[in-house]
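*Asks:* sequence plus predicted model, see below.
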Amino acid sequence: MNHVISPRGESEEPVYRADFAMGEHSARHLRRILRLYLDGWGLAGVADAAELAFTELIANVVRHVPGRRCQTFIFRLPDGEGVRVEVADGCPEVPRAGEGDVLDEGGRGLVLVDAVTDKWGVEVRRDGGGKTVWFECLAAASGAGAGPVTPTARPAPRP
């Protein structure tokens, strides 16, 4: 099921929500949707970073979540300061950044997410039945869409 959630009040922005099983081509389609929202919100300057991070989160679902089912959410942050993307699934296993050997073919997705986003983290459901992995890309201080953001300090990911 794919649909756009309508705003509930004047100050809230519409968000995109998708709920389905991910496949090999899902990331490509979701990147296009994300790009459309970012362009429409005047946040094209964060699109490359957001698309890369989104792709990595979807790849984690395809590789590690039984049944490959998840929900994706795209939110515009207040005052157009950036975008927040969330990928929620029913798998209780929490992803870890940077685990594995240097010669491993995988295991660097969250390292990339950390490198290209301003904030990211994992929120485990209280019932232990899954988690939400999220990231935020903030627009440049001189205005939305002014170019890629280079943060001065990166907070540690939330456990």
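*Replies:* Here it is on my side, so go on.

*Asks:* tell me where this protein has strands.
*Replies:* Secondary structure of the chain (DSSP state E): strands located at 2-5, 15-21, 69-76, 82-89, 119-124, 131-138.

*Asks:* what separates the fifth one from the chain centre, distance-wise?
*Replies:* The one in question is strand 119-124. Distance of strand 119-124 from the chain centroid (C-alpha atoms, centre = their mean, to the nearest Å) equals 10 Å.

*Asks:* what residues of it count as buried?
*Replies:* Across strand 119-124, burial judged by 16 or more other C-beta atoms under 10 Å covers 119-120, 122. Just so you know, the C-beta spots here come from the backbone N, C-alpha and C atoms, and that holds for glycine as well.

*Asks:* list just the nearest of those residues to Cys70.
*Replies:* Cys70 lies nearest to Val122 out of those, by C-beta to C-beta, at 13.5 Å.

*Asks:* find me the pLDDT at Gly145, would you?
*Replies:* Per-residue pLDDT puts Gly145 at 42.

*Asks:* how about the one 4 residues further on?
*Replies:* At Val149, the pLDDT value in this model is 41.

*Asks:* same check on Ala153?
*Replies:* For Ala153, the model assigns a pLDDT of 42.

*Asks:* same deal with the one 3 residues further on?
*Replies:* The confidence metric pLDDT takes the value 50 at Ala156.

*Asks:* just to revisit the earlier point, can you lay out the buried residues of strand 119-124 as CSV showing distance to Trp41 and pLDDT?
*Replies:* Formatted as CSV, those follow (distance: C-beta to C-beta, whole Å; pLDDT from 0 to 100):
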residue, distance to Trp41, pLDDT
Lys119, 18, 96
Trp120, 20, 96
Val122, 25, 95
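
*Asks:* these into JSON lines, with extra columns for distance to Arg84?
*Replies:* What follows is the buried residues of strand 119-124, written out as JSON lines (distance: C-beta to C-beta, whole Å):
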{"residue": "Lys119", "distance to Arg84": "9"}
{"residue": "Trp120", "distance to Arg84": "10"}
{"residue": "Val122", "distance to Arg84": "14"}
